[in-house]
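**Q** predicted structure and sequence below. I'll ask about it afterward.
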Amino acid sequence: MTLKVGIIGTGSMFKSAHLPGWLSRPEVEIVAFCDALRASAEALAANFPGAKVYDHFSEVLADPSIDIIGISTPNVFHSEIAVAALRQDKHVFCEKPDAVNPVEAQKMADAARETGKLLMVMRNNRFSQEAQYVKRLVEKGQLGELYMGRCGWVRRRGIPGRGGWFTTKALSGGGPLIDLGVHMIDLAMWLSGNPKPVTVSGSTYRKFADRPDASGKVPEGTFDVEDLAAGFIRFDNGASLQIEFSWASNIEKEEKFLEWRGTEGGFSLVNDKLNLYLENEGALINQQPYFKDEIPQHTANIQHFIDCVLGHERPIFTPEQGVDMIKILSAIYESAERGREIVL
C-alpha cells in the first residue's frame with residue numbers, strides 16, 4: 001500500500017525535521033506541495049517527479065488521491081487546516097503546537113473523533129531512547145509515585161526569527177512558552193501518565209525585545225510576545241510541575257531539562273542525558289544509562305504516525321492530550337495577565 005502525502009508549509013521546519021521522516025518510509029509518496037511562498041513549494045517539488053504545486057491549502061485537500069496531510073505552517077493556521085483536512089477524509093500530521101488556543105485545539109480533537117481519521121501532532125521528545133527507557137521504568141512502577149517535577153528550556157540568547165512570525169503573537173500565539181514549552185511540558189506529562197491539569201499559575205516577561213544588538217541598533221520588526229515564561233501546574237493526581245522557558249536571559253548557558261521525583265526513585269534528563277536516582281539495600285545509587293545511536297526523534301515520530309495509519313501500532317499521542325496542553329499554555333498567559341492562579 002502506498003500512502004500519498006500532501007505537504008502544506010515548506011519552510012525550514014519541514015525541510016529539516018519533517019521531510020527526512022517522510023522519505024524514510026517506502027510506503028510513502030509525497031505528491032503535492034503548498035506554501036504561501038510558491039517558490040519554496042516549487043523548489044521542493046522539482047525533486048519529486050510528478051508532484052503538484054498548489055497555491056492554496058484548500059486545493060491540496062480537494063485532491064482525492066491524497067491520504068495524508070502534513071502541516072508545518074505558522075502556528076495560527078494549524079487548526080484551520082487540520083480541521084478542514086480531517087473533514088476531507090485525510091489523516092493529519094501537524095507540527096507543534098496543536099493550536100494557539102484551547103477552542104481551536106478542541107475543534108481539532110472533535111474533528112478527529114467525528115471523522116475517525118488519525119490526527120497526530122509532533123511530540124518528538126517522546127521518541128528519544130532516554131524517554132522511552134524512563135517510560136518503561138515508570139510503567140513497571142520502579143520509580144513509585146511521581147509527585148514533584150520541574151522542566152524547562154532556557155537560552156542565554158536564542159530568539160528565533162526576530163521580527164518574523166515566531167515573534168508575532170497574531171501568527172505564533174506566544175513566545176518561548178508555546179515554542180519550547182510544548183516539548184518539555186508534554187514530555188513531563190507523558191512520562192507521568194498524562195495526569196489532568198487542574199490549576200495553573202504563571203508569569204511572563206518581555207525584556208529583550210527592544211534591546212540593541214552588538215552594533216547598537218535596535219532590531220526592526222514585530223516582537224510582541226514574551227521572551228521568558230515561568231509557572232506552576234497542579235494535576236488531578238496530586239502531582240505538581242514547575243516550568244521555565246526563555247529565548248533570552250542572563251544565565252550561564254542554554255539548557256533543557258526535565259526532572260521527576262518519585263517515592264521509589266527519581267530521574268533527571270538534562271540536555272538529553274539521563275540520570276537515575278535510586279535506592280537499593282540501604283544505599284543511594286546514581287545510574288547513567290548508555291544508549292546507542294538512535295533514529296532522529298522527528299523521524300521516529302513520523303514513522304510511528306505512518307505505522308498507526310497502516311494499523312501496525314496504536315498512537316501514543318491523542319488529540320485530547322493536545323487540548324490539555326493548549327489549556328495549560330493559555331492558562332499560564334491568562335495567569336500572568338491577571339496576576340492570579342487559574343482553575344482549569
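**A** Cool, the structure landed.
**Q** test my guess that Val343 contacts Pro197.
**A** No - applying CB atoms under 8 Å as the test, Val343 and Pro197 come out as separate, 10.0 Å apart. For glycine as for every other residue, the C-beta is placed from the backbone atoms N, C-alpha and C.
**Q** Val309 versus Phe245, what's the distance?
**A** 32 Å (CB to CB, to the nearest Å).
**Q** so which of Val343 and Pro197 has more stuff around it?
**A** Between Val343 and Pro197, Pro197 has the larger neighbour count (other CB atoms under 10 Å), namely 19 against 9.
**Q** for the residue nearest the centre of the chain, give its distance to Met122.
**A** When CA atoms, centre = their mean is applied to the chain, the residue found nearest the centroid is Lys96 (4.0 Å). Distance from Lys96 to Met122, counting by CB to CB: 5 Å.
**Q** equivalent analysis for Phe208, please.
**A** 27 Å.
**Q** neighbour-wise, which of the two wins?
**A** Using other CB under 10 Å as the criterion, Phe208 and Met122 rank with Met122 on top: 27 against 19.
**Q** please name the residues that touch that one.
**A** By CB atoms under 8 Å, 6 or more residues apart in numbering, the residues touching Met122 are Ala17, Phe93, Cys94, Glu95, Lys96, His298, Asn301.
**Q** please enumerate the helices of the chain.
**A** Applying DSSP state H to the chain gives helices spanning 12-13, 19-23, 38-45, 57-61, 78-87, 102-115, 129-139, 169-172, 176-179, 181-191, 297-309, 319-338.
**Q** the first one - what's its average pLDDT?
**A** Along helix 12-13, the predicted confidence averages to a pLDDT of 96.
**Q** what do you get for the fifth one?
**A** Averaging pLDDT along helix 78-87 yields 98.
**Q** return the set of buried residues in that helix.
**A** His78, Ser79, Glu80, Ile81, Ala82, Val83, Ala84, Ala85, Leu86 (16 or more other CB atoms under 10 Å).
**Q** TSV for those residues, including distance to Gly21?
**A** Shown next, in TSV, are these (distance: CB to CB, whole Å):
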residue	distance to Gly21
His78	18
Ser79	22
Glu80	23
Ile81	19
Ala82	18
Val83	23
Ala84	23
Ala85	18
Leu86	20
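**Q** quick revisit: for Ser268, find the nearest of the helices of the chain.
**A** helix 129-139 (10.2 Å; CB to CB).
**Q** which residue sits closest to Tyr147, ignoring its sequence neighbours?
**A** In space, and not counting its chain neighbours, Tyr147 is closest to Ala239: 5.1 Å by CB to CB, 6 or more residues apart in numbering.
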